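Q: Sequence first, predicted model second:
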Amino acid sequence: MEHETLSGADIQRIARRIDRPLVLVGMMGVGKTTVGRKLASLLGVPFIDADEEIERAAHMTIPEIFAQYGEPYFRDGERRVIARLVDVVTGRKVLATGGGAFVDPETRRIILERAIAVWIDSDVETLVERVGRKDNRPLLRNGNPHEILTRLRIERQPHYCQAPIHVHSGPHPHAVTAHKILKAIDEWL
Ligand SMILES: Nc1ncnc2c1ncn2[C@@H]1O[C@H](COP(=O)(O)OP(=O)(O)O)[C@@H](O)[C@H]1O
Ligand SMILES: O=C(O)C1=C[C@@H](OP(=O)(O)O)[C@@H](O)[C@H](O)C1
Ligand SMILES: [Mg+2]
């Protein structure tokens, strides 16, 4: 069955085999933050959201960082924060990145070297519906979200597809995507 739920014993078995951080990459609104939190709780490991860490380090929200300093400054901070978070010494955890993080060559290199990257993808209609729930994404403020997401998804696809694990997030609850990720990791390991 495609959406079969894993048993607790299966999840524990998979958890024991994971020895590196799991890093979720993919478009904004696809559900990296929501699915990542669920995945971490299933695995019993810490969850970290890179965007939250950037906001904490800067004492500013992401829209404020973009408005005051611009995107290149945000990307510099994002690169530093992710390099610190994807640290082998601190081991098992789930890290949700912001949608642009994996596009940066240095950030991508660090993630591919030290972590297990999981690309979550959806169709653009689903992304538009999900980003519509919050107005905290500066890249969507100056234009039509459908057009912007369509363009970014095409531009970013060649980078995202370098992640070794790909999971499609369709119109099912976020817990289903978390279980799909665990099954994909189990097959890949
Ligand atoms: N199946 C689903 N998987 C993930 N998120 C979903 C799902 N269905 C609805 N959502 C909603 O879509 C939004 C996804 O946003 P978020 O997790 O912040 O994505 P990202 O971190 O990738 O930008 C949240 O408001 C979440 O509640
Ligand atoms: O795609 C992007 O470039 C961005 C995605 C956002 O994170 P989410 O993917 O969690 O929405 C956040 O990092 C910032 O607004 C930029
Ligand atoms: Mg997020």
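A: That came through fine. Ligands and ions are numbered 1, 2, ... in the order given.
Q: Just give the number of residues close to the closest residue to ligand 3 within the chain.
A: Distances between the chain and ligand 3 by Cβ to the ion are smallest at residue 33, namely 3.4 Å. Every C-beta, even on glycine, is put in place using the N, C-alpha and C of the backbone. By other Cβ atoms under 10 Å, the residues close to residue 33 number 19.
Q: which element is it on?
A: Using DSSP states H and E, residue 33 falls within helix 32-43.
Q: shouldn't the residue of the chain closest to ligand 3 be in contact with residue 96?
A: Yes. Assessed by Cβ atoms under 8 Å, residue 33 is found in contact with residue 96 at 4.8 Å.
Q: Now for those two: what residues contact both?
A: 49, 51 (Cβ atoms under 8 Å, 6 or more residues apart in numbering).
Q: if I look at the residue of the chain found nearest ligand 1, how far off is residue 143?
A: The nearest approach of the chain to ligand 1 comes at residue 31, 2.5 Å away (Cβ to the nearest ligand atom). The gap separating residue 31 from residue 143 is 22 Å, by Cβ to Cβ, to the nearest Å.
Q: For those two, indicate the residue with more neighbours.
A: Counted by other Cβ under 10 Å, residue 31 and residue 143 do not tie: residue 31 has more neighbours, with 23 against 10.
Q: I'd guessed the more buried one sits against residue 167; true?
A: No. The pair residue 31 / residue 167 is not scored as a contact, 10.2 Å apart, by Cβ under 8 Å.
Q: overlap in contacts of the two?
A: In contact with both residue 31 and residue 167: 120, 177, using Cβ under 8 Å, 6+ apart.
Q: in this protein, which spans are helices?
A: 8-17, 32-43, 50-58, 62-69, 71-85, 105-114, 124-131, 145-160, 174-188 (DSSP state H).
Q: which of those is buried the deepest?
A: helix 32-43 (a mean of 22; mean count of other Cβ atoms under 10 Å).
Q: Measure how the longest strand belonging to the chain sits relative to helix 105-114, angle-wise.
A: Secondary structure of the chain per DSSP state E: the longest strand is strand 116-121. Counting by axes from the mean of the first three to the mean of the last three Cα atoms, to 10 degrees, strand 116-121 points 120 degrees away from the direction of helix 105-114.
Q: ok, which residues in the protein are in contact with ligand 1?
A: Counting by Cβ under 6 Å from any ligand atom, the chain comes close to ligand 1 at 28-35, 96, 130, 133, 169, 172-174, 177.
Q: follow-up on the earlier one: which residues are in contact with the residue of the chain closest to ligand 1?
A: Contacts of residue 31 (Cβ under 8 Å, 6+ apart): 120, 122, 130, 169, 174, 177.
Q: May I see the buried residues of stretch 97-106?
A: The neighbour-count check on stretch 97-106 (16 or more other Cβ atoms under 10 Å) flags 97-104 as buried.
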